[in-house]
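Student: build me a structure from this.
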Amino acid sequence: MPVGTRSQFTWPVAGLDVSVFHEGGTTVVAVCGEADSATLSVVVDALARVVAENDGDVIVDLAQTAFIDTAALRAVLRVREELRGRGRQLTLRSPARVPRRLLAAFGLIYLVTPAAA
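Tutor: Numbering: from 1, shown residues only. As a prediction, the model looks like this:
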């Protein structure tokens with residue numbers, strides 16, 4: 001698990017593990033495994049819970065994400081827009097090779113935190 005306070009909650013399903021924890025005032029959602037149509041509901045549920053139950057900005061950590069499809073990426077982008085409407089930010093951190101290529105292909109690499117870009 002990435003460095004931070006203890007996991008607030010975790011969703012383990014076949015092929016995917018989503019953990020939520022805090023780093024200071026920021027909530028981190030770590031996506032480990034494959035985020036695709038089979039696991040989309042887990043990603044959506046985790047992000048919805050983070051938005052509803054936490055204040056502050058959100059980081060989606062993709063360092064351990066082996067694969068992310070366009071449906072999961074769209075879910076993240078929808079949450080980003082919702083947070084922006086609330087004066088909050090969502091950024092991506094440390095995308096693994098495959099997610100980084102998808103972000104680049106769609107011109108979304110700017111969403112990656114500068115230190116990891």
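
Student: contacting residues around residue 62?
Tutor: Residues in contact with residue 62 (C-beta atoms under 8 Å, 6 or more residues apart in numbering) are 31, 68, 92, 93, 94, 95, 96, 99, 100. Bear in mind the C-beta positions are built from the backbone N, C-alpha and C, glycine included.

Student: go through those and say which is closest to residue 110.
Tutor: Using C-beta to C-beta, residue 92 is the member of those that sits closest to residue 110, with 9.6 Å.

Student: what's across from that closest one in the sheet?
Tutor: Assessed by DSSP bridges, residue 92 has beta-bridge partners residue 60, residue 112.

Student: that one: how many residues sit nearby?
Tutor: Using other C-beta atoms under 10 Å, residue 92 is surrounded by 26 other residues.

Student: quick one: the helices in this structure, in order.
Tutor: Ranges of helices in the chain, per DSSP state H, are 40-53, 70-85, 97-105.

Student: nearest to residue 63, out of those?
Tutor: Here helix 97-105 is closest among the helices of the chain (C-beta to C-beta), at 9.3 Å.

Student: list the contacts of the closest one.
Tutor: Applying C-beta under 8 Å, 6+ apart, the contact partners of helix 97-105 are 62, 65, 66, 67, 68, 70, 73, 92, 95, 109, 111, 112.

Student: now do that helix, average pLDDT.
Tutor: Computed over helix 97-105, the mean pLDDT rounds to 95.

Student: in it, what's buried?
Tutor: Of all the residues in helix 97-105, those buried under the rule 16 or more other C-beta atoms under 10 Å are 99, 100, 102, 103.

Student: of all those residues, which two lie farthest apart?
Tutor: Within those, 100 and 102 form the most distant pair, 7.4 Å apart (C-beta to C-beta).

Student: my read: residue 69 touches residue 43, true?
Tutor: No: the criterion here is C-beta atoms under 8 Å, and residue 69 misses it with residue 43 at 10.2 Å.

Student: before we move on, back to that, let me know the closest of the buried residues of helix 97-105 to residue 15.
Tutor: Proximity of the buried residues of helix 97-105 to residue 15 was ranked by C-beta to C-beta; the top entry is residue 99 with 14.9 Å.

Student: great, nothing more from me.
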